[in-house]
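> predicted model follows, preceded by the sequence.
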Amino acid sequence: MMLKAADVARELNISRTAAYQLMHELGPVRFGERGIRLPAERLKRFVESQRRRVEPTSVLAAVEAPAPKVEASRARTSLGVSAETRSRLTKAIEKARRPGEPQR
């Protein structure tokens, strides 16, 4: 299944702009000059990698540990996602997992 930016945005509870940024970083499939889609499996793998990475103890360790000095343009994960995008998505995933909070 191929997802549009609106589908990615709805799934992750992020803006469409952030969804387009993520899609470009994860490697979309292009249709014509302007159309892009993201395979659902690629998004699923990305979300699972973020969930494994964000465990309660690792969040505390990450807050306490000093951040490594890396040039922002070169700060990429193994999936090729920038640190800024990873941070926004991690926050969105954590917010989605919190019980009792209303969803947008």
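Arrived safely, thanks for sending.

> CA atoms for contacts and neighbours, from now on please.
Will do.

> just the strands in this structure please.
2-3, 29-31, 35-39 (DSSP state E).

> got the ones you listed as a markdown table, with mean pLDDT and distance to Ser87 columns?
Output for these, formatted as a markdown table (pLDDT from 0 to 100; distance: least, Cα to Cα, whole Å):
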| stretch | mean pLDDT | distance to Ser87 |
| --- | --- | --- |
| strand 2-3 | 90 | 22 |
| strand 29-31 | 87 | 24 |
| strand 35-39 | 90 | 20 |
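
> quick check: which of the ones you listed is nearest to Ser15?
With Cα to Cα as the criterion, Ser15 lies closest to strand 2-3 of those, at 14.7 Å.

> list the strands paired with the closest one, with their directions.
According to DSSP bridges, strand 2-3 forms sheet pairs with strand 35-39 (antiparallel).

> quick revisit: export the strands of the chain as TSV, with columns for distance to Glu11.
Output for these, formatted as TSV (distance: least, Cα to Cα, whole Å):
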stretch	distance to Glu11
strand 2-3	10
strand 29-31	18
strand 35-39	12
